[in-house]
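# What shape does this take:
(one chain, ligands or ions: 1)
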Amino acid sequence: MSPIQKCIKEKNTTIKPIWLMRQAGRYLPEFREIRSKNPDFIKLCLNESLSSEITIQPIKRFNFDAAIIFSDILMLPYGLGQDVKFEKNFGPKLNPVKIEEMMKVTEKEFVDKLNPIYKLINITSKNNILHNKDLFGFVGAPWTILVYMINQISPKKDLKKDFYNDKSLIDNLMNLILKFLKIHIKNQIESGASIIQIFDSWAGLVEEKNLEYFIYKPTLELVNYVKSLNVPVVCFPREIRDYKKFVDVVKPDVVNIDYSVDPKSILKDIKIPIQGGLDPKVLLTQKENIKKKVEEYLNIFKDHPYIFNLGHGILPDTNPEIVNFLVKTVRNFK
Ligand code: 1CP
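Below is the predicted model of the structure:
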């Protein structure tokens, strides 16, 4: 059994596996090299031989315990026919939702469009470099996907003023998103993903009174669906105010915490395996400080099943040499 599976299924506390969110990405020169020759990000995601190569780049360099497929949560709206573009220094731009057309998309049309992602998983999962390691498939949570589809750009600053205006559009979209997220998850697992992570990057934007509708209910349904396919599921409800309530209601196999969460208090509240937490900005500081901050997490979670990771994606300015140092620090900790 892989270290991550031991941690999750056997509640092993002696192994502290490590991988990093956004480990396949812009801080790696070998990624930037491929990226510079492939200006269309969606096309790159749909090139199974290049996306497989990018997926294993960080494993070659750092021998992490898991790879995460090089893809994007916005491949879901793309698969539903909503065009997505990524602009340099701006982020994603989506076309307006055409709900009537979208409701006519069939499972076959969707799967055909995203088929290179499933091929990428198939190729990568057979690569010997992943022996005794996991391959993460992933999706965006229904809420976060809804946010991008309606907002059409990142909600970094705020949601559009009229975001909540069209109730029937929201209802229809939530149902559609949930249906196709399940299809996307099923195909990833059948192609060889050994674990699924659900990224709810904008969970922190939901008001208390809306949590049931936008977060708890749909995420619980997805989590139960992944469990029914016998693969563990990690949830990352970033900046949700009450992680304990989330875990009690949604019951993922693992919860990833963000860096605003106090690790000591979460340890008291949460019984399931925990992943992540370290502020990615720590990796931009000196080695002594990094060691200190990393060991804080490892000490707090000494007797708890814990997968080392960050509290958000690794920053593009991170020095790969420092990532080596981070991995050594985690592996050498006693
Ligand atoms: O080179 C580039 O310009 C592309 C940058 C990039 C990369 C490397 C984007 C555009 N997506 C990705 C890959 C990606 N995205 C992965 C796989 C690689 C890995 O983790 O190693 C994953 C898991 C994601 C997930 C993702 N995409 C999330 C959830 C996690 C998070 O960061 O909160 C979100 C919100 C997205 C949308 C997205 N895609 C890309 C960007 C720049 C964004 C964020 C836009 C925003 O700020 O709103």
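# which ones are touching the residue in the chain positioned nearest to the ligand?
With Cβ to the nearest ligand atom as the measure, the residue in the chain that lies nearest the ligand is residue 154; the distance is 2.8 Å. (Each C-beta comes from the backbone N, C-alpha and C, glycine too.) Shown here is residue 154, whose contacts under the criterion Cβ atoms under 8 Å, 6 or more residues apart in numbering are 91, 92, 148.
# Could you rank the residues you listed by neighbour count and give me the top one?
Counting neighbours by other Cβ atoms under 10 Å, the top entry in the contacts of residue 154 is residue 148, with 24 neighbours.
# so which helix or strand takes in it?
In this structure, residue 148 sits in helix 142-151 according to DSSP states H and E.
# Toward the C-terminus from that helix, list the very next helix or strand.
Next along the chain after helix 142-151, taking DSSP H and E as the criterion, comes helix 167-191.
# Whichever helix or strand comes after that following helix near the ligand at all?
Under the assignment DSSP H and E, the closest C-terminal helix or strand after helix 167-191 is strand 195-199. Yes - judged by Cβ under 6 Å from any ligand atom, strand 195-199 and the ligand are in contact via residue 199.
# Could you give the separation of the next helix or strand after strand 195-199 from the chain centroid?
Secondary structure here is assigned by DSSP H and E; on that basis, the next helix or strand after strand 195-199 toward the C-terminus is helix 211. Here the centre of helix 211 is set off from its chain's centre by 20 Å, with Cα atoms, centre = their mean, to the nearest Å.
# Can you name the element that comes right after helix 211?
For helix 211, the succeeding helix or strand toward the C-terminus, using DSSP H and E, is helix 217-228.
# ok so, going back, how much space separates the residue of the chain closest to the ligand from residue 139?
Note on residue 154: its distance to residue 139, by Cβ to Cβ, to the nearest Å, is 18 Å.
# and the helix holding residue 148, what's its mean pLDDT?
For helix 142-151, the mean pLDDT works out to 98.
# cool, and stretch 7-24?
On average, the pLDDT along stretch 7-24 is 97.
# In that stretch, which residues are buried?
By 16 or more other Cβ atoms under 10 Å, the buried positions in stretch 7-24 come out as 7, 8, 12, 16, 17, 18, 19, 20, 21, 22, 23, 24.
# Residue 70 is in contact with the last one, correct?
Yes - with contacts counted by Cβ atoms under 8 Å, residue 24 reaches residue 70, the gap being 4.7 Å.
# Now for residue 220, how many residues are close by?
For residue 220, the number of neighbouring residues by other Cβ under 10 Å comes to 17.
# hang on, it packs against residue 248?
No - assessed by Cβ under 8 Å, residue 220 is found out of contact with residue 248, at 10.8 Å.
# The biggest strand by length in the chain and the ligand, any residue contact?
As far as residue count goes, and with DSSP state E defining each element, the longest strand of the chain is strand 134-140. Yes - among the residues of strand 134-140, residue 138 lie within reach of the ligand under Cβ under 6 Å from any ligand atom.
# Residue numbering should commence at 52 henceforth.
Yep, numbering from 52; the last one is strand 185-191 now.
# With only the CA atoms kept, save that strand in PDB.
Extracted as PDB, the C-alpha positions of strand 185-191 are listed here (Å, rounded to 0.1, in the frame of the first residue of the first chain):
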ATOM      1  CA  ASP A 185      -0.600   7.900  -5.700                       C
ATOM      2  CA  LEU A 186      -2.000   9.700  -8.700                       C
ATOM      3  CA  PHE A 187      -4.400  12.400  -7.800                       C
ATOM      4  CA  GLY A 188      -7.300  13.200 -10.100                       C
ATOM      5  CA  PHE A 189      -9.300  16.300  -9.200                       C
ATOM      6  CA  VAL A 190     -12.300  18.500  -9.800                       C
ATOM      7  CA  GLY A 191     -13.400  21.900  -8.600                       C
END
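# distance between that strand and the chain's centre?
The chain centre lies 7 Å from the centre of strand 185-191; the measure is Cα atoms, centre = their mean.
# how many other residues sit next to the residue nearest to residue 366 when sequence neighbours are not counted?
With Cβ to Cβ, 6 or more residues apart in numbering as the criterion, residue 366 has its nearest non-adjacent residue at 5.0 Å, and that residue is residue 331. Neighbouring residues of residue 331 were enumerated by other Cβ under 10 Å; the total is 19.
# Show the model's pLDDT score for residue 331.
According to the model's per-residue confidence, residue 331 sits at a pLDDT of 98.
# Residue numbers of the protein in contact with the ligand?
Within the chain, the positions near the ligand by Cβ under 6 Å from any ligand atom are 72-77, 86, 92, 119, 121-125, 137, 142-143, 189, 205, 207, 250, 252, 364.
# That'll do, ta.
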